[in-house]
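A.B. asks: Pasted the sequence and its predicted model underneath.
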Amino acid sequence: QIQGYQMPKDFLWGGAVAAHQLEGAWQADGKGVSIADVMTGGNKEQARQVTKTVEKGKVYPNHWGIDFYHQYPQDIKLFAEMGLNCFRTSIAWTRIFPNGDESEPNEAGLKFYENLFDECLKNGIQPVITLSHFEMPYHLVKEYGGWRNREVIDFFTRFAEVCFKRFHNQVKYWMTFNEINNQTSWADPHHLLQNSGLILNDDENLEEAMFQAAHNEFIASAKAVKIAHEIDNNLQVGAMVAMSPIYPMTAKPADILEAQRAMQTRYYYGDVQALGEYPAWLIKYWDRHDYHIEISDLDRQILREGTVDYMGFSYYMSFATKDNGDEELHFNENTDLVDNPYLEKSDWGWQIDAKGLRYGMNWMNDRWHKPQFIVENGFGAYDKLTDDGKIHDDYRIKYFHDHILEMEKAVAEDGIDLIGYTPWGHIDLISASTGEMKKRYGMIYVDQDDEGNGSLKRLKKDSFYWYQQVIASRGENL
Ligand code: P53
């Protein structure tokens, strides 16, 4: 067993979830319908479907989640027992603005989060909040076309302002858009919907529509940063990118160049949010492809003035790419990724690469010079409840061991300014990509199946006790 490094005293050790994946209670207290409420359950073979309305007879796992909406007081006690001093969740936009375009917020929704955050704070846990985590009001998708429409910017900033005003005494760390760069794989309809509320018409150019929607999100995010600081200078507002480094397949120069363009393509979002400017190569790319992205001079100013305070990011896996043979230097994430023969995969095909975490942290630090916050990391797996009534998830402990060690090296040996670490789904919840319950990330097991049957009982897995002593030793005992 390797000893880790001890992290600073004020380091945040937590867990991370998103409202729509665990709260359930999809219609409680005036909540509106979000995009997650119209996504059916799926699995590895069968993609989730998006339906026009909620249809009878179909399975919508986010409607029940793990019933956190009602059970959170007990769950937070378990989090405190684990030793967490922070808890990342999101505020479901539809609890505050059910349709998204109302002028006044729904008080019952605000009250729910106020009580939830109070309960956390009473237990020594500070909430860390994402404003938009794959759960925008479906009404904004159907009536406004999602983020391709600039009107949505104002709806979002109104929502953000209401939240900052109401919760600034309870919540210091915020993030605007979850994994904003997932839409780099724009050919995947789920990413376009989850990130940007886009349902594409056949005659639309997917990539061009994605760039416009992302631009509108950047403006909304930059405005939110400014509003937050005006309300309370103490607030820290971060970006949130999915860090999956893209390596060159070989040392062949054309592979190296392709991997460089791949990284530029997947992380230009971070460039805009951290540095306040679009990179030159991208402007040239738009010109060459005759893409017309609506960006005004005022927009450019807003971006410069609304750069984020820190970079939140998720880390699950790394990718690889090679020269695609095209005349133009261009990376298409939908077609240009290759398997990395040096890495094993999870049962869902995600390449396991602990060193990639340290690599990604250094890469971001060199480029963006911002404090970082690891707000997701974890291992989705099939867990087995054994006859002794336990879950022996040694594979998950190994994953966390290897990743936390690389994280600690990045801090202790490379000098990266890291705010905290919140493993994903530290309590089992609904998977975002497949809608499954059986793709589990938790250190706390929840007795429920893919159809929503089960006692909902919470059980501590072996990883619960392991993480507990990691935190107690401030990261030394791995
Ligand atoms: P699930 C794709 C690739 C990497 C992370 O994912 C992703 C996705 C989108 O599904 O999502 C993040 O549940 C996301 C969480 C999500 C978690 O990773 O598909 O921020 O909402 O649950 C894990 O296994």
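C.D. replies: Structure received.

A.B. asks: Return the distance of the nearest residue to Y72 once chain neighbours are set aside relative to the ligand.
C.D. replies: Using Cβ to Cβ, 6 or more residues apart in numbering and skipping the chain neighbours, the partner closest in space to Y72 is L116 (5.8 Å). Where C-beta positions appear, they are placed from N, C-alpha and C, glycine not excepted. As defined by Cβ to the nearest ligand atom, to the nearest Å, L116 lies at a distance of 18 Å from the ligand.

A.B. asks: Let me see the contact set for L116.
C.D. replies: Residues near L116 by Cβ atoms under 8 Å, 6 or more residues apart in numbering: Y72, T89, P127.

A.B. asks: Work out for me the element it sits within.
C.D. replies: Using DSSP states H and E, the element containing L116 is helix 107-122.

A.B. asks: Just give the strands next to whatever helix or strand comes next after that helix in its sheet, each with its orientation.
C.D. replies: Sequence order places strand 126-132 as the next helix or strand after helix 107-122, per DSSP H and E. Partners of strand 126-132 in the sheet, by DSSP bridges, are strand 86-90 (parallel), strand 173-177 (parallel).

A.B. asks: now strand 126-132, how far from the chain's geometric center?
C.D. replies: 11 Å (Cα atoms, centre = their mean, to the nearest Å).

A.B. asks: Counting by contacts, list what the helix or strand following that strand packs against.
C.D. replies: Next along the chain after strand 126-132, taking DSSP H and E as the criterion, comes helix 138-144. Secondary-structure packing of helix 138-144 (3 or more Cβ pairs under 8 Å, 6 or more residues apart in numbering; DSSP states H and E): helix 151-167.

A.B. asks: Swap in 10 Å and give it another go.
C.D. replies: Packed against helix 138-144 by the contact rule (3 or more Cβ pairs under 10 Å, 6 or more residues apart in numbering; DSSP states H and E) you find helix 93-96, helix 151-167, helix 189-196.

A.B. asks: Next, format those as a markdown table and append mean neighbour count.
C.D. replies: Output for the helices and strands packed on helix 138-144, formatted as a markdown table (neighbours: other Cβ atoms under 10 Å):
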| stretch | mean neighbour count |
| --- | --- |
| helix 93-96 | 28 |
| helix 151-167 | 20 |
| helix 189-196 | 23 |
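
A.B. asks: Which of those helices sits closest to the ligand?
C.D. replies: Each of the helices and strands packed on helix 138-144 has some distance to the ligand by Cβ to the nearest ligand atom; the shortest is helix 189-196, at 6.8 Å.

A.B. asks: which helices and strands sit right next to that closest one?
C.D. replies: Secondary-structure packing of helix 189-196 (3+ Cβ pairs under 10 Å, 6+ apart): helix 138-144, helix 206-231.

A.B. asks: Can I get stretch 262-275 in CSV? Just the C-alpha atoms.
C.D. replies: Taking C-alpha atoms only, stretch 262-275 is exported to CSV below (Å, rounded to 0.1, in the frame of the first residue of the first chain):
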residue,chain,number,x,y,z
ALA,A,262,-8.2,17.6,-30.8
MET,A,263,-7.3,19.2,-27.5
GLN,A,264,-7.9,22.6,-28.9
THR,A,265,-11.3,21.5,-30.2
ARG,A,266,-12.4,19.9,-27.0
TYR,A,267,-11.2,22.6,-24.7
TYR,A,268,-11.8,25.9,-26.6
TYR,A,269,-14.8,26.2,-24.2
GLY,A,270,-12.3,26.6,-21.3
ASP,A,271,-10.3,29.1,-23.4
VAL,A,272,-13.4,31.3,-23.7
GLN,A,273,-14.5,30.9,-20.1
ALA,A,274,-11.1,31.2,-18.5
LEU,A,275,-9.3,33.6,-20.8
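
A.B. asks: List, one by one, the residues from the stretch 201-350 of the chain near the ligand.
C.D. replies: Within the stretch 201-350 of the chain, the positions lying close to the ligand (Cβ under 6 Å from any ligand atom) are A242, S314, Y316.

A.B. asks: which ones are touching the spatially closest residue to E161 that is not a sequence neighbour?
C.D. replies: Setting aside the residues directly before and after it, E161 is nearest to I227 in space (Cβ to Cβ, 6+ apart), at 5.1 Å. When contacts are counted by Cβ atoms under 10 Å, 6 or more residues apart in numbering, I227 is found next to T157, R158, A160, E161, F164, K165, L235, V237, G306.

A.B. asks: Report the two members of the residues you listed separated by the largest distance.
C.D. replies: The span of these, defined through Cβ to Cβ, is set by K165 and G306 at 17.9 Å.

A.B. asks: From I302, how far off is the residue nearest to E161?
C.D. replies: Separation of I227 from I302 (Cβ to Cβ, to the nearest Å) stands at 12 Å.

A.B. asks: What of W174?
C.D. replies: For W174 relative to I302 (Cβ to Cβ), the value is 18 Å.

A.B. asks: Neighbour count for these two, which is higher?
C.D. replies: For W174 versus I302, neighbours defined as other Cβ atoms under 10 Å are more numerous around W174 (28 against 20).

A.B. asks: thought the more buried one was touching E161?
C.D. replies: No - taking Cβ atoms under 10 Å as the definition, W174 is not a contact partner of E161, at 11.9 Å.

A.B. asks: closest point of the stretch 251-400 of the chain to the ligand, which residue?
C.D. replies: Closest point on the stretch 251-400 of the chain to the ligand, by Cβ to the nearest ligand atom, is G380, at 4.5 Å.

A.B. asks: what sits against the closest residue to that residue other than its chain neighbours?
C.D. replies: The shortest distance from G380 to any non-neighbouring residue, by Cβ to Cβ, 6+ apart, is to K439 (4.4 Å). Each residue near K439 by Cβ under 10 Å, 6+ apart is listed here: 43-44, 346-348, 380-383, 425, 428-433, 450.
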